[in-house]
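Undergrad: Fold the following, please.
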Amino acid sequence: MDSSRPIRCIGVSTGGGDAPGLNAVIRTVTLCAIQRGWEVYGIKRGLEGLFDTREILPLTRDAVRGIGHLSGTILGTTNRGNPFAYPVPKGDGTFDKVDRSDELVKNFHRLGLDALVSIGGDGSLTIANQLGEKGIPVVGVPKTIDNDLSGTVLTFGFDTAVRAATEAIDSLHATAEAHERVFVVEVMGRYAGWIALHAGIAGGADAILIPEIPFQIENVCRKIERRQLAGRRFSIVVVAEGAQVGGERVIKAEADESRTEVRLGGIAEVLAREIEAQTGKETRSVVLGHLQRGHRPTPTDRLIAMRFGAAAVRTVADRQFGVMVALDPPQVLTVPLSEAIRMKTVPLDSDIVVTAREMGICLGDD
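TA: Model (predicted):
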């Protein structure tokens with residue numbers, strides 16, 4: 001981009017899984033850009049709008065009025081349609097993968113866009129980084145309920161997901177105790193255990209199983225049996241969807257031509273069957289699933305989202321591209337996109353893991 005040319009028009013996209021706080025970012029980017037005299041366009045359904053200009057939405061003050069507290073995204077989103085491996089149906093139920101990135105870059109410039117604010121997780125920001133290498137001036141905004149993006153202490157959406165999971169665990173305590181049952185609660189997080197660990201500790205779980213710590217079902221069963229002997233006739237087990245049973249993850253759907261990643265899920269049901277078989281305790285499984293995504297964003301997530309949105313516009317104004325805005329309390333900084341997209345998992349020596357162990361919570365490894 002010609003550094004002497006003033007910024008006049010920017011695009012905003014939301015990709016990957018939705019997260020509470022997306023609309024707050026969109027609203028803040030729009031208002032901050034308009035304050036600078038820029039035009040703003042929303043690219044609908046991830047980056048699909050750059051293949052079909054009918055999917056481009058002018059973002060005005062009226063268009064973003066009253067959306068900051070809403071979950072979801074007014075632009076829509078998708079976790080498919082990677083322009084570097086775009087799925088094209090062959091007519092026989094299968095797909096070819098075609099590189100349409102040149103077409104996307106051409107349309108971006110043809111629309112007169114001077115920069116792209118890409119709001120997404122590791123997948124979307126990896127694509128954004130690749131597009132930056134092809135000449136699109138891009139600034140990333142970290143979004144994922146999983147909190148698994150390197151380079152930022154927190155991602156917006158995480159706090160809301162933890163609150164949703166904690167409230168569900170709180171509710172299950174009463175029915176578990178009344179019926180003297182074991183409940184296995186499955187939460188999201190893919191290959192990182194942040195949600196399970198935070199919500200499990202906050203919600204008073206007896207066992208927390210995360211991808212970072214290999215576990216044995218026998219250890220979980222021993223914890224449940226010890227509680228039974230102590231007169232505690234119910235137990236709550238929280239498990240991350242990516243935790244491994246006997247070294248293997250439970251997969252709901254394999255990757256295919258149109259989906260680049262496996263779909264995790266089902267570990268709670270597997271655990272519940274095995275716990276009941278080994279302990280004789282009546283055991284039920286609960287999968288929270290997308291309930292963790294759909295809650296109204298907490299004040300914490302709204303504020304982080306707004307700070308990220310304002311920082312993204314400042315970064316565009318400074319012509320600092322190929323970076324992601326990131327929270328490094330008390331500041332919002334920028335980090336290179338190439339570094340930011342690395343996965344951040346729970347450190348085994350972290351204070352929160354130590355806290356769980358010292359409270360007597362079973363992590364399945366002893």
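
Undergrad: Could you check how far Val184 is from Pro89?
TA: According to C-beta to C-beta, to the nearest Å, Val184 stands 39 Å off from Pro89. (C-beta placed from N, C-alpha, C; glycine too.)

Undergrad: Neighbour count for the two, which is higher?
TA: Val184 (28 against 11; other C-beta atoms under 10 Å).

Undergrad: Tell me which residues touch Phe156, please.
TA: 19-21, 24-25, 142-143, 297, 301-302, 304-305, 308 (C-beta atoms under 8 Å, 6 or more residues apart in numbering).

Undergrad: go again using 10 Å as the cut-off
TA: Listed by C-beta atoms under 10 Å, 6 or more residues apart in numbering, the contact set of Phe156 reads 19-22, 24-25, 119, 141-145, 147, 297-298, 300-309, 327.

Undergrad: Tell me which residues of whichever strand or helix holds Gly132 come out buried.
TA: Counting by DSSP states H and E, the element that carries Gly132 is helix 122-133. Buried positions in helix 122-133, judged by neighbour count with 16 or more other C-beta atoms under 10 Å: 122-132.

Undergrad: between the residues you listed, which is nearest Arg65?
TA: Proximity of the buried residues of helix 122-133 to Arg65 was ranked by C-beta to C-beta; the top entry is Ser124 with 25.9 Å.

Undergrad: so how far is Gly49 from the closest residue to the closest one other than its chain neighbours?
TA: Nearest residue to Ser124, sequence neighbours excluded (C-beta to C-beta, 6 or more residues apart in numbering): Gly15, at 3.3 Å. According to C-beta to C-beta, Gly15 and Gly49 sit 11 Å apart.

Undergrad: if you count what's nearby, which of these two comes out ahead?
TA: Gly15 (29 against 23).

Undergrad: Next up, phi/psi of the more buried one, please.
TA: phi -130, psi 160 (degrees, to the nearest 10).

Undergrad: hey, where'd the strands end up in the stretch 101-250 of the chain?
TA: With DSSP state E, counting those that start in this stretch as the criterion, the stretch 101-250 of the chain has strands at 115-120, 138-142, 182-187, 207-209, 235-240, 244-245, 248-249.

Undergrad: Compare these and give me the one nearest Val270.
TA: It's strand 244-245; of those, that one is closest to Val270 (C-beta to C-beta) at 6.0 Å.

Undergrad: Now the nearest residue to Glu186 once chain neighbours are set aside. Its backbone dihedrals?
TA: Of all residues not flanking Glu186 in the chain, Ala268 sits nearest, at 3.5 Å (C-beta to C-beta, 6+ apart). Per-residue torsions, Ala268: phi -60, psi -40 (degrees, to the nearest 10).

Undergrad: for Ala268, what are its contacts?
TA: 183-187, 209, 237-239, 241, 243, 250, 283-288.
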